[in-house]
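*Asks:* I would like the atomic coordinates for the input below:
(2 chains)
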Amino acid sequence: MGGARGNDGQYDLHLFTLPQNTAQNPVEGQKNWDNCMGKYLPENFPGGRNKPTGLAVGSATRAASGDTNDTALILGIIAKETGFSSSPTGDHGPMQLSGWVKGYLTKHAPNLILPGAYDPFGRKSQASRNRPFTGDYDANVMTGANWIKYQRDNLGKSDYNIAYGWGPGPTAEIRSTYANEAISLRDRYAGFVNCLKTGR
Amino acid sequence: MKILCGCFLLWAVFVPDGCNGPTKVAPPVQTQSSPQVSQSTPSTADLIPTGLFEEDPRALEAWHRFAEGGRYRIARREDFQIPEAAMKEHGSDPFFTNKFAYVGGDFNRDGRQFDRAFIVVDTTTTRNEGFGLVVFNAPAGEKSLPAVHWVLKARDLSKSVLSAATDVLSLTEYYESGIQKVCNVRWDKKREEYSCEQSR
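*Replies:* Next up, the predicted model:
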C-alpha cells in the first residue's frame, strides 16, 4: 500500500512519542512509525488485512487512553469492519456502529455517545449504506471504545465476547469466526502499538 | 541470474504452453487506460502481496492454478487511472492507496475465513477490458482448495476501487465528472455465484 508515510499527518505522528521525548518532531515520529511497522507489520497485508493507518492508530490510541490492549482491540475491529478506510460506507463510521448500539446506549448510558459518532441519517437503505461516513472519525472510535469498556465493566464481557457481539450474524459460526479473527488481529497489532509507545 | 530470469519470462510469455494449447498473445503495446504490462522482470513482491497467503498454502496453490502461469496477475496501483479528484479526496484510504487491488473478508457469509477478492489483470491482452474481479471462497476443509468465482471478466475496471465494509464487498467506479457507480457484490447461496448489484 501507499504506506504509513503517505497516510499519516504530523498530527497523528506526534502521538507516538518515544521515551525521553525523542520523537517530539515529526521526522522522529515518522522514523518510529516506520521502524515499528517494519518490525511488527512488515507485510503488505498483515493477517490478510489492510495495514493500520495513522488516522486509525491515532484515534484508537486516544480512545483507549494509550492502553495497548484496548488500542489493539479497537484496531482489530476497525480492520475487520472497514479495513482502515478513511471514508467508510455500510453502517456508521470506521467501527460500523449500529442503530441498535445507539438505542442501547441512549437508554442505559447516553453520555457514552459522542456528538458526531453517527451520521445524522439512518443506514438501512442500500443507497444510504453506499454513502461514505459523514460524522466525526474520532467521535465514532471513541464511542466504540466506550461501548467496549461498558460491556467489559458493566456486562462482564471478555474481549472475545465483545468481538463476538460486534460481528455480523446471523449464525454462531459466523460470529465466532469473526471473534477469533478480531482477537488474532488484536494480538498482532499489540506489538506494533506497544512499539509506538516504547520504541521497542 | 537476472538475465536468465528475464529470458525465461519472455519465453514463458511468448511461447504457447504445451499443456494449455496455443495462446494468442498480443504484443504489449500500451494504451492510455489498458493494464500496463511490464516488460521488465517482475519480482515475487510485485506479483504476490506479502502476508496474503501466509499460513495458507492451499490458497497460494489455488492462486497459482488460477494465474495460469502468469496469464493473470493481481492488479497493482499503477494499472488504474482513478480520477485525480477522487484520489485527492481519498488519499489516505488504503483501498485507494494499497499497492495491490485485494480485499479479504467473509463475503459469502459462511463463517469461514477468509474469502479473498482481487481485481486481476489479463496479461495476454492490452485491451482496456483486460481486468476482472474474482473471489476465492475459503474452503470447507483444510485439504480443499478455495473455490474461484469470477464476478466480472474482461471489463475495463481502470477507474474502479475495490473495498469492503462489514464484509460486504463493493466495487466503485469513479468518473471524471464526479459521478460514482457502486456495485455491491452479493453471494447467491443457491446458485453458488457472486453477482454485482449496481446502485448509485
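*Asks:* can we go C-alpha only for contacts and neighbour counts from here?
*Replies:* OK.
*Asks:* B:Phe66 contacts B:Tyr72, doesn't it?
*Replies:* Yes. Using C-alpha atoms under 8 Å, B:Phe66 is in contact with B:Tyr72, at 7.4 Å.
*Asks:* So these two - more neighbours on which side?
*Replies:* Under the neighbour definition other C-alpha atoms under 10 Å in any protein chain shown, B:Phe66 and B:Tyr72 were set side by side, and B:Tyr72 has more, 21 against 16.
*Asks:* Start and end of stretch A:112-121, how far apart?
*Replies:* Using C-alpha to C-alpha, to the nearest Å, the end-to-end distance of stretch A:112-121 comes out at 19 Å.
*Asks:* Does it reach chain B?
*Replies:* No. Applying C-alpha under 8 Å from any C-alpha of the partner chain, one finds that stretch A:112-121 is not in contact with chain B, the shortest distance being 15.6 Å.
*Asks:* Can you list the buried residues in that stretch?
*Replies:* If you call a residue buried by 16 or more other C-alpha atoms under 10 Å in any protein chain shown, then stretch A:112-121 has these buried ones: A:112-114, A:116-119.
*Asks:* Could you do stretch B:61-69 as well?
*Replies:* Of all the residues in stretch B:61-69, those buried under the rule 16+ other C-alpha under 10 Å are B:62-63, B:66-67.
*Asks:* Filter those residues down to the ones in helices?
*Replies:* B:62-63, B:66-67 (DSSP state H).
*Asks:* Most proximal residue of chain B with respect to chain A?
*Replies:* When you check chain B against chain A by C-alpha to the nearest C-alpha, the closest residue turns out to be B:Asn98, at 3.2 Å.
*Asks:* close enough to count as contact, that residue and B:Arg77?
*Replies:* Yes. Between B:Asn98 and B:Arg77 a contact is recorded at 6.8 Å, counting by C-alpha under 8 Å.
*Asks:* ok, which stretches of the chain are helices?
*Replies:* All of this is about chain A. All helices of chain A, identified by DSSP H, fall at A:3-7, A:10-13, A:26-40, A:54-63, A:68-82, A:99-108, A:126-129, A:137-155, A:159-166, A:172-198.
*Asks:* nope, chain B
*Replies:* For chain B, the helices defined by DSSP H cover B:2-14, B:44-47, B:57-67, B:84-89, B:94-97.
*Asks:* By mean pLDDT, show me the worst of these.
*Replies:* Ranked by mean pLDDT, the helices of chain B end with helix B:2-14 at the bottom, a mean of 40.
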